[in-house]
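Visitor: any chance you could fold what I've pasted below:
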Amino acid sequence: MSALESAEIPLLPRLLAGLRDNRPLSLGEHATQYGLLDLRHRPQLRELLEQSGLQGRGGGSFPVARKLAAVAAHRQRPVVLVNAVEGEPLSGKDKVLLRHLPHLVLDGAVLLAAELRAREVVVAVADRAGDERRALAAALAERSAARIDGGVAIEVAVVPSRFVAGEETAVVNFLNGGRTVPTATPPRPFDRGINGRPTLVQNAETVAHVAQIARFGARWFRELGTAAEPGTSLFTVTGAVARPGVHEAPHGIALRELVELARGVTARPQAFLVGGYFGSWFSPADAATVTLEERCLRPRGGGLGARAVHVLGPGQDGLAFSARIARYLADESAGQCGPCVHGLAAIAEALERLALRDDPAARARIERWCAQVGGRGACRHPDGAVRFISSALGVFGRRA
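Guide: Sure, this is the predicted structure:
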């Protein structure tokens with residue numbers, strides 16, 4: 001791959017620098033932006049990723065270099081899985097990348113495969129993602145004609161559109177012929193994943209960052225973000241903002257500054273949901289001091305999660321809004337354990353009743369049930385659900 005010493009790329013946007021309206025970049029346009037992939041002159045990717053400090057952008061924020069090393073430690077030939085299922089309803093960042101910048105994602109996947117000496121890349125997308133699948137198919141045809149992927153075979157796998165289907169173990173289970181259900185017990189995919197082989201799983205945004213780090217280096221990547229959480233992320237901003245959609249911002253940006261990137265609020269907000277359906281609500285007063293980094297959010301019971309931010313405008317009942325999400329999460333249960341199947345359903349019903357009529361006893365019951373459900377599921381679905389519900393009670397639960 002060309003080192004592109006003379007290439008210029010702005011500080012922002014990065015991933016979205018080549019974005020065109022309503023169509024994907026062709027391979028020729030991608031080559032103009034970045035140069036064509038050349039696996040004969042690829043960089044020392046593992047070292048670059050270690051120096052860059054890149055963390056996964058799929059919700060877990062796990063260091064990419066450590067995951068790569070865990071897969072590389074196995075003798076068996078691995079598989080690279082790009083998880084672009086994106087089951088979070090409030091998130092659209094991976095869809096934007098696949099729909100408009102598929103070659104950037106595919107470059108990163110092929111580079112990871114070459115580093116691991118893997119011969120197979122699987123890109124998993126949701127069955128409802130028709131535009132993304134068409135963009136991928138066109139991009140793969142261009143790459144095949146140009147013969148730029150070496151001996152790496154790239155396959156697109158279609159996964160059912162479910163909330164839990166976006167979790168990496170659920171995708172692996174499905175690709176192995178099972179149900180789209182996540183697990184919290186070993187083996188993890190990096191030990192035994194697709195067809196029993198060690199599998200490197202990264203989401204589409206993470207893989208796109210890999211492609212840029214390989215071209216522009218670790219120091220360039222760290223020019224934005226914080227020392228502990230370097231680089232940028234794609235944030236999906238929805239709700240009462242003038243320009244809802246996917247926006248790129250550095251880690252550590254203030255929540256209020258991200259909202260300004262979306263052209264500001266359209267009305268005085270009631271609250272901010274950070275992290276999507278597994279995220280946490282913040283009141284306007286609390287949101288004023290929130291920065292979008294794990295170091296700030298985790299002590300407050302939150303996290304970046306799917307990097308989705310929803311601004312709740314006036315005229316909406318926050319508790320009723322949260323009750324609808326709680327019901328959705330209960331209905332999306334993986335169906336593997338009592339805390340998820342029965343616990344989330346009971347909590348959702350109680351929250352619906354609380355949204356209709358203030359009842360301190362009902363509130364106390366929901367809090368007790370959340371404490372009982374948390375940490376006892378067969379996967380992390382109940383944990384994310386009760387974290388969201390607990391934050392909703394904290395912000396909306398006591399009414400005047």
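Visitor: please make it C-alpha for all contacts and neighbour counts, starting now.
Guide: OK.
Visitor: do you know how far Thr291 is from Ala72?
Guide: Distance, Thr291 to Ala72, using C-alpha to C-alpha, to the nearest Å: 35 Å.
Visitor: Ala84 now?
Guide: If you go by C-alpha to C-alpha, the gap between Ala84 and Ala72 works out to 22 Å.
Visitor: more neighbours: Thr291 and Ala72, which one.
Guide: Ala72 (21 against 18; other C-alpha atoms under 10 Å).
Visitor: contacting residues around that one?
Guide: By C-alpha atoms under 8 Å, 6 or more residues apart in numbering, the contact list for Ala72 reads Pro78, Leu116.
Visitor: please redo it, this time with the cut-off set to 7 Å
Guide: Leu116 (C-alpha atoms under 7 Å, 6 or more residues apart in numbering).
Visitor: for the helix or strand Glu115 falls within, name the packing helices and strands.
Guide: Assessed by DSSP states H and E, Glu115 sits inside helix 102-116. Helices and strands touching helix 102-116, by 3 or more C-alpha pairs under 7 Å, 6 or more residues apart in numbering; DSSP states H and E, are helix 130-146, helix 204-221.
Visitor: hmm, who's touching that helix?
Guide: By C-alpha under 7 Å, 6+ apart, the list of residues contacting helix 102-116 from outside reads 27, 30, 37, 45, 72, 80, 119, 121, 135-136, 139, 149, 152, 204, 207-208, 210-211.
Visitor: let me see the ranges of the strands in the stretch 151-300 of the chain.
Guide: 153-159, 199-203, 232-239, 245-250, 271-274, 280-282 (DSSP state E, counting those that start in this stretch).
Visitor: which stretch among the helices and strands packed on helix 102-116 comes nearest Asp191?
Guide: helix 204-221 (19.9 Å; C-alpha to C-alpha).
Visitor: how many neighbours does Ser61 have?
Guide: 16.
Visitor: please report how far the closest residue to it other than its chain neighbours lies from Lys93.
Guide: Residue nearest to Ser61 in three dimensions, not counting chain neighbours: Gln55, with 4.9 Å by C-alpha to C-alpha, 6 or more residues apart in numbering. Taking C-alpha to C-alpha as the measure, Gln55 falls 16 Å from Lys93.
Visitor: likewise Ile347?
Guide: 30 Å.
Visitor: and what of Tyr277?
Guide: Distance from Tyr277 to Lys93, by C-alpha to C-alpha: 15 Å.
Visitor: centroid-nearest residue for this protein?
Guide: Against the mean C-alpha coordinate of the chain, by C-alpha atoms, centre = their mean, the closest residue is Gly58 at 3.0 Å.
Visitor: and that one, what helix or strand is that in?
Guide: Using DSSP H and E, Gly58 falls within no helix or strand.
Visitor: OK, contacts around it?
Guide: Asn203, Ala306.
Visitor: straight-line length of stretch 39-55, end to end?
Guide: 24 Å.
Visitor: quick one: Arg307 and Thr232 touch, right?
Guide: No - Arg307 is beyond contact range of Thr232, at 11.2 Å (criterion: C-alpha atoms under 7 Å).
Visitor: which of Tyr277 and Lys93 has more neighbours?
Guide: Using other C-alpha under 10 Å as the criterion, Tyr277 and Lys93 rank with Tyr277 on top: 28 against 25.
Visitor: next one: the more buried one from Ala364, what distance?
Guide: 22 Å.
Visitor: distance of Ile325 relative to Arg133?
Guide: 28 Å.
Visitor: between the two, which is the more surrounded one?
Guide: Taking other C-alpha under 10 Å, Ile325 and Arg133 do not tie; Arg133 has more neighbours (23 against 19).
Visitor: what residues are up against that one?
Guide: Going by C-alpha under 7 Å, 6+ apart, the list of residues near Arg133 is empty.
Visitor: and it, what's its pLDDT?
Guide: Note on Arg133: pLDDT of 97.
Visitor: can I take it that Gln372 is in a strand?
Guide: No - Gln372: not assigned to a strand; according to DSSP: H, G, I helix; E, B strand; the rest coil it is helix.
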